[in-house]
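In: Give me the fold of what follows.
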Amino acid sequence: MLKKNERIKKSELISLVLSKGKSVRFDGFTIKLLPSKSKESFFTVVVPKKFFSRVVFKNRYKRRGMALLRTCKEFLKSPYLVVLIPSKDFLEIDFEKLEHSLQKVFKEISKWILFRNF
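Out: Numbering: from 1, shown residues only. Predicted structure coming up:
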């Protein structure tokens with residue numbers, strides 16, 4: 001799990017990132033990003049209700065997503081609000097492959113900052 005001070009807790013911030021954030025899609029998940037006004041990055045995982053009606057399964061997706069964000073957060077150099085949206089096959093994909101994809105995304109974001117293409 002991520003530390004409490006690293007998570008996005010307010011639903012207004014989550015909806016802001018989902019509506020105005022830049023989207024990056026990979027196998028197994030989608031990342032929505034919005035530059036943060038603070039000096040730190042904040043993360044959350046959003047599992048759509050249409051995937052599962054039972055909370056047990058949604059929590060499994062959230063736990064795996066939080067573990068993925070926790071292992072890869074040091075690759076994000078600039079402060080962002082990050083929302084990870086897992087797809088249905090998120091649990092079936094190997095964790096190392098997901099980790100590699102997320103590291104690739106976070107490294108690409110660093111290049112966006114360098115070239116001001118964001």
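
In: where does Lys37 fall, helix, sheet strand or coil?
Out: When classified by DSSP: H, G, I helix; E, B strand; the rest coil, Lys37 comes out as coil.

In: so what's it closest to, chain neighbours aside?
Out: In space, Lys37 comes closest to Pro79 once its chain neighbours are excluded; the distance is 8.0 Å by CB to CB, 6 or more residues apart in numbering. Yep, even glycine has a C-beta here, placed from its N, CA and C like the rest.

In: Quick check: that neighbour touching Lys39?
Out: Yes - judged on CB atoms under 8 Å, Pro79 makes contact with Lys39 at a distance of 5.7 Å.

In: more neighbours, those two?
Out: Set Pro79 next to Lys39 and count neighbours by other CB atoms under 10 Å: Pro79 wins out with 14 against 7.

In: For that one, which residues are in contact?
Out: 35-41 (CB atoms under 8 Å, 6 or more residues apart in numbering).

In: Same list (these) but as TSV, adding distance to Glu12.
Out: Conversion of the contacts of Pro79 to TSV gives the following (distance: CB to CB, whole Å):
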residue	distance to Glu12
Pro35	17
Ser36	14
Lys37	14
Ser38	15
Lys39	20
Glu40	18
Ser41	18
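
In: top of these by neighbour count?
Out: Counting by other CB under 10 Å, top hit in the contacts of Pro79: Ser41 with 20 neighbours.

In: I'd assumed Phe75 was in contact with it.
Out: No - between Ser41 and Phe75 there is no contact under CB under 8 Å: 10.6 Å.

In: Identify each buried residue in stretch 77-85, please.
Out: Going by neighbour count (16 or more other CB atoms under 10 Å), the buried part of stretch 77-85 is 78, 80-85.

In: can you give me the helices in the protein?
Out: According to DSSP state H, the chain carries its helices in the segments 11-20, 55-72, 95-115.

In: so which of those helices gets nearest Lys49?
Out: Closest approach to Lys49 among the helices of the chain is made by helix 55-72 (8.0 Å; CB to CB).

In: Kindly state the beta-bridge partners for Lys32.
Out: Ser23, Val83 (DSSP bridges).

In: pLDDT wise, what is it at?
Out: pLDDT recorded at Lys32 is 93.
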